[in-house]
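>>> Let me see the structure of the following:
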Amino acid sequence: MSNIKFDNIGDIAHGLETEKHLGKIIRSGTPFLVLGSTRREEEPEVEKIILDIHRRCPDTVIGLFPRHMHRITYWKEVLNRLATSWMLRSQIEKSVPDGTVILWDTFGELSSAYSLSNGAFVGGSLAPLGGQNFLEPLTCGVIPVIGPSWQNFAWVGREIVDQGLVHVASDWKEVANFLVQSLEKTTLRENVRKAAFMYMKNRQGGTNKACRLIEKLLNET
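You can find the predicted model right below:
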């Protein structure tokens, strides 16, 4: 039977007000990438991704979302050391200059940031940590990039990679390459969303099947 986790995935209604507010911070047409749910063990690789993207695409705004808030202090030190232009999300009220790294120190805006981004990397996957939820950007219409470690979400199936709905990179260089490619080509967000939900819909129904079997066994006893 299908994994019942597919039945928990629906057509998520994202926070339109939040997206509208973020739209004032990230101007329309600004190249914008998200590095989401990054973990401590992969931070040196994430540093390299940031440097490489800004070397190749210096106007890109990068939204950096550490998975755990206590890593904000670390990232402040790193971004200062890298001499990178950066701002805390909590201190931004108007549009940010091109080439800024936004260090996200507030909760509840990751999905909305995905919805506005040209491309996204989902962390917990460059180090052997099993990966984080790459379905979230996908339901926002963004084909995510992940590292080689994603066994926590192996239940989704390798077919999602084969269909081009997720890019799996072997190292930080490939992550950066995929992200730069997402800036250079336009993929219709609605087409990605439709393909993603079709993939998931075709694998739903496990919960219903399990409940029918449990009911049958209970009735028999």
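>>> Output the below-cut-off pLDDT ranges for the protein.
10-17 (pLDDT under 70).
>>> And the strands in it, which stretches?
For the chain, the strands defined by DSSP state E cover 32-38, 61-66, 86-88, 101-103, 119-122, 144-146, 167-168.
>>> Each with direction, which strands does the last one pair with?
To tie it back to what came earlier, the one meant is strand 167-168. When sheet partners are counted by DSSP bridges, strand 167-168 sits next to strand 144-146 (parallel).
>>> And the longest one, by the same measure?
Partner strands for strand 32-38, per DSSP bridges, with pairing direction: strand 61-66 (parallel), strand 119-122 (parallel).
>>> Switch the ones you listed over to CSV; also include distance to Arg89.
The way it works is simple: take the backbone N, C-alpha and C, and place the C-beta from them, glycine included. Shown next, in CSV, are the strands paired with strand 32-38 (distance: least, C-beta to C-beta, whole Å):
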stretch, distance to Arg89
strand 61-66, 8
strand 119-122, 16
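>>> of all those, which gets the most neighbours per residue?
Mean neighbours per residue, mean count of other C-beta atoms under 10 Å, is largest over the strands paired with strand 32-38 for strand 119-122, with a mean of 29.
>>> So what's the gap between that one and the chain middle?
Between the centre of strand 119-122 and the centre of its host chain there is 4 Å, according to C-alpha atoms, centre = their mean, to the nearest Å.
>>> Give me the contact list for it.
33-37, 49, 114, 131-134, 136-137, 142-146, 175, 178-179, 181-183 (C-beta atoms under 8 Å, 6 or more residues apart in numbering).
>>> Now restrict those residues to buried residues only.
33-37, 49, 114, 131-134, 136-137, 142-146, 175, 178-179, 182-183 (16 or more other C-beta atoms under 10 Å).
>>> can you list the strands of the chain in TSV and add distance to Leu188?
Shown next, in TSV, are the strands of the chain (distance: least, C-beta to C-beta, whole Å):
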stretch	distance to Leu188
strand 32-38	17
strand 61-66	21
strand 86-88	30
strand 101-103	25
strand 119-122	14
strand 144-146	16
strand 167-168	17
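>>> looking at those strands, which is closest to Ala196?
Nearest to Ala196, of all the strands of the chain, is strand 144-146, at 10.2 Å by C-beta to C-beta.
>>> how much space between Lys20 and Ser117?
Distance of Lys20 to Ser117, computed by C-beta to C-beta, to the nearest Å: 15 Å.
>>> neighbour count winner among the two?
With neighbours defined as other C-beta atoms under 10 Å, Lys20 and Ser117 compare such that Ser117 has more, 27 against 10.
>>> Skipping adjacent residues, who's closest to the more buried one in space?
Nearest non-adjacent residue to Ser117, counting by C-beta to C-beta, 6 or more residues apart in numbering: Val34, 4.5 Å away.
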